[in-house]
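**Student:** The sequence and its predicted three-dimensional model are supplied below.
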Amino acid sequence: MSRQSDYLQEEQRIQAVYARRQCGDLYSYSNPGHLFMMQGRERLVWRVLRKIGWTDLQEKKILELGCGEGLWLREFIKWGARPDQITGLDLLPERIARARELLPETVTLLTGSAAAVPCSDESFDLVLQSTMFTSILDARLKKQIAREMLRLTKPDGLILWYDYRVNNPRNPDVRGVGRGEIYQLFPDCQVRLEPLTLAPPLCRMLAPYSFLVCHLLEKLPFLCTHYLGVFRKNSEGTGRSGGLFEHF
């Protein structure tokens with residue numbers, strides 16, 4: 001049995017979950033809660049990029065695993081990355097089809113499994129995943145995708161992580177990824193994690209009335225449901241912070 005077929009059942013489950021998911025306007029910029037969350041994420045990502053000196057993205061090769069309809073890829077283009085330097089991969093063909101409609105034609109878009117990415121070793125400056133690991137319940141598949149992310153990242157490159165750190169009690173199809181599990185998935189890496197994103201139900205309730213209140217509440221880590229993570233390969237051993245990652 002091939003490695004890819006080992007994960008087929010879990011990938012089919014994920015496809016079925018997304019096929020029945022109804023999001024309405026939850027992820028529309030016309031929704032004040034979603035707008036606030038996206039603006040907060042953008043500010044923190046750019047704080048990280050400035051800290052490490054990545055203010056010019058034109059020559060950076062970027063890969064997103066689980067790219068969906070290309071929201072993050074469009075953001076990186078807005079931030080100055082060149083479309084021909086960007087690659088996105090997603091398991092669902094319909095999401096890739098939608099991404100092709102929304103992104104410049106020079107962006108490379110692939111349909112397939114993040115467990116076996118058809119790209120060369122150490123070929124990307126930045127490898128990104130956003131709320132993909134949350135949707136994976138099979139620990140073996142998580143480990144394999146983490147290995148792929150490390151394989152694809154250049155020695156001086158970065159892995160960017162954005163995902164839930166807590167479970168959603170209303171949704172058994174997802175599972176938060178905590179700090180300890182992240183360290184296990186990315187051993188021998190410098191890891192910096194920052195709590196981010198005010199709990200979405202609370203944010204959606206308050207944002208229509210006051211972004212200021214949301215901003216103040218987001219300063220309380222226990223009200224934040226996600227981690228923004230920055231990982232760098234570390235040949236000298238595992239480090240949970242330090243160097244460029246000591247402070248955002």
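**Tutor:** Arrived safely, thanks for sending.

**Student:** Then residue 174 would be within a helix, right?
**Tutor:** No. Counting by DSSP: H, G, I helix; E, B strand; the rest coil, residue 174 is not part of a helix but coil.

**Student:** Contacts only, for it.
**Tutor:** Neighbouring residues of residue 174 by Cβ atoms under 8 Å, 6 or more residues apart in numbering: 134-135, 164, 167-168. No exception for glycine: its C-beta is placed from N, CA and C like everyone else's.

**Student:** What pLDDT does the model give it?
**Tutor:** In the predicted model, residue 174 carries a pLDDT score of 89.

**Student:** For it, which non-adjacent residue is spatially closest?
**Tutor:** Nearest-residue entry for residue 174: residue 134, 4.7 Å, with adjacent residues in sequence omitted and distances by Cβ to Cβ, 6 or more residues apart in numbering.

**Student:** Need the distance between the two termini of stretch 204-213.
**Tutor:** When the termini of stretch 204-213 are compared using Cα to Cα, to the nearest Å, they are 12 Å apart.

**Student:** got it, and stretch 21-35?
**Tutor:** Length of stretch 21-35, first residue to last, Cα to Cα: 21 Å.

**Student:** Need the residue closest to the centroid of the protein.
**Tutor:** Against the mean C-alpha coordinate of the chain, by Cα atoms, centre = their mean, the closest residue is residue 130 at 1.9 Å.

**Student:** any weak-confidence spans in the protein?
**Tutor:** Along the chain, segments meeting pLDDT under 70 span 1-5, 22-24, 235-248.

**Student:** What ranges does it have for its strands?
**Tutor:** With DSSP state E applied, the chain shows strands at 62-65, 86-90, 108-111, 124-130, 153-164, 189-198, 224-233, listed in chain order.

**Student:** how about the ones you listed in TSV, adding distance to residue 73?
**Tutor:** Written out in TSV, the entries for the strands of the chain read as follows (distance: least, Cβ to Cβ, whole Å):
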stretch	distance to residue 73
strand 62-65	6
strand 86-90	5
strand 108-111	9
strand 124-130	9
strand 153-164	12
strand 189-198	20
strand 224-233	17
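
**Student:** Of the ones you listed, which is nearest residue 33?
**Tutor:** Smallest distance to residue 33 across those (Cβ to Cβ): 8.7 Å, for strand 189-198.

**Student:** Using CSV, list the CA coordinates for the closest one.
**Tutor:** In CSV, the C-alpha atoms belonging to strand 189-198 read as follows (Å, rounded to 0.1, in the frame of the first residue of the first chain):
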residue,chain,number,x,y,z
CYS,A,189,12.9,24.0,14.8
GLN,A,190,12.9,27.5,16.3
VAL,A,191,9.2,28.0,17.1
ARG,A,192,7.5,31.2,18.1
LEU,A,193,3.7,31.2,18.8
GLU,A,194,1.5,34.2,19.5
PRO,A,195,-2.1,33.9,20.6
LEU,A,196,-4.3,35.7,18.1
THR,A,197,-7.9,36.2,17.0
LEU,A,198,-10.6,37.1,19.5
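
**Student:** Between strand 153-164 and that strand, find me the angle.
**Tutor:** With axes from the mean of the first three to the mean of the last three Cα atoms, to 10 degrees as the criterion, the two stretches strand 189-198 and strand 153-164 enclose an angle of 30 degrees.

**Student:** quick one: strand 189-198 to chain centroid distance?
**Tutor:** With Cα atoms, centre = their mean, to the nearest Å as the basis, strand 189-198 stands 12 Å off its chain's centre.

**Student:** Just list whatever residues bridge to the closest residue in space to residue 110 that isn't next to it in sequence.
**Tutor:** When the adjacent residues along the chain are set aside, residue 110 lies closest to residue 89, with 4.4 Å between them (Cβ to Cβ, 6+ apart). Here residue 89 sits in beta bridges with residue 65, residue 110, as judged by DSSP bridges.

**Student:** Give me the longest helix you can find in this protein.
**Tutor:** Longest helix in the chain by number of residues (criterion: DSSP state H): helix 32-51.
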